[in-house]
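S.K.: Provided below are the primary sequence and the corresponding predicted coordinates.
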Amino acid sequence: MTANYNIMLIDYKDVAINQAEQCVLKDVNLQIGEGEFVYLLGKVGSGKSSLMKTFYAELPIASGQAMIFDYNLNKIRRREIPFLRRKIGIVFQDFQLLTDRTVEDNLMFVLKATGWNDKHAMRQHIEAILSHVGMEKKSYKMPHELSGGEQQRVVIARALLNSPQIIIADEPTGNLDQETGEGIMQLLTAIQKAGTTVVMSTHNMTWVERYKGRQLWFENGKIVEK
């Protein structure tokens, strides 16, 4: 499964991935390039989330060779993992926002954690990112005051804060109605067209048909491109 892009971001060769000492994926040969939109498709428990967790070193590589950016995931050191994760934006299905903080404070927390310290620059950056996702007028709101779609836009804003090279979206429209999900898909597509790679798991085949991308199917412990 080779990408048709000059800049390779992910390169897996004969990789096996275990979950709780049980092999969930084997013989993974996968290349993902800069600016691609890649769908991960298959049944629940087929290994989609496990693969994504290896990208940001939450789950180790059991065997084979795995590179992401310039990091060898077989040999990555613990102190290198935060630097790897700054190059990856993660969008969760269940949002995982800090419920006791405003939208702005949620994003401020991430910037502080990744080394920002100029408050004026941080506020300007947050304002620009929120504008990009259509949430510039909601920075003072608490998460519970937002709709599901609005919360997901904030999550995407959070994922974009450090200009990642890859966005990983795990069922980003799973908890949203069709119309709201459509808006999220349009936003992710715009992000991809601007040059950021998007890797997204979904069960919604409407998106796969409507928004073009590579299709990686997870079947019987293997990944098949269709």
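M.R.: In hand now; what should we look at?

S.K.: from residue 32, how far out is the residue nearest the centre of the chain?
M.R.: In the chain, the centroid-proximal residue (CA atoms, centre = their mean) is residue 168; its distance is 1.3 Å. Using CB to CB, to the nearest Å, residue 168 is found at 11 Å from residue 32. In short, each C-beta sits where N, CA and C put it, glycine included.

S.K.: identify the contacts common to those two.
M.R.: The contact sets of residue 168 and residue 32 overlap at residue 199 (CB atoms under 8 Å, 6 or more residues apart in numbering).

S.K.: strands paired with the helix or strand residue 27 falls within, and their directions?
M.R.: If you go by DSSP states H and E, residue 27 is part of strand 22-33. Next to strand 22-33 in the sheet, as set by DSSP bridges, lie strand 8-19 (antiparallel).

S.K.: now the partner strand: buried residues?
M.R.: 9, 10, 11, 12, 15, 17, 18 (16 or more other CB atoms under 10 Å).

S.K.: put the alpha carbons of it into PDB.
M.R.: What follows is strand 8-19, C-alpha atoms only, in PDB (Å, rounded to 0.1, in the frame of the first residue of the first chain):
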ATOM      1  CA  MET A   8       6.600  10.000   3.100                       C
ATOM      2  CA  LEU A   9       5.300  10.500   6.600                       C
ATOM      3  CA  ILE A  10       4.500   6.900   7.600                       C
ATOM      4  CA  ASP A  11       6.300   3.800   6.500                       C
ATOM      5  CA  TYR A  12       5.400   0.400   8.000                       C
ATOM      6  CA  LYS A  13       7.100  -2.800   6.700                       C
ATOM      7  CA  ASP A  14       5.900  -6.300   7.800                       C
ATOM      8  CA  VAL A  15       4.600  -4.800  11.100                       C
ATOM      9  CA  ALA A  16       2.700  -6.700  13.700                       C
ATOM     10  CA  ILE A  17       0.600  -5.000  16.400                       C
ATOM     11  CA  ASN A  18      -0.500  -6.600  19.700                       C
ATOM     12  CA  GLN A  19      -3.200  -5.600  22.100                       C
END
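
S.K.: average pLDDT across it?
M.R.: On average, the pLDDT along strand 8-19 is 95.

S.K.: which other residues reach that strand?
M.R.: If you take CB under 8 Å, 6+ apart as the criterion, strand 8-19 is touched by 23-34, 47, 50-51, 54-55, 59-69, 165-166, 197.

S.K.: quick one, helices of this structure?
M.R.: 48-55, 81-85, 103-113, 119-132, 148-160, 178-193, 205-210 (DSSP state H).
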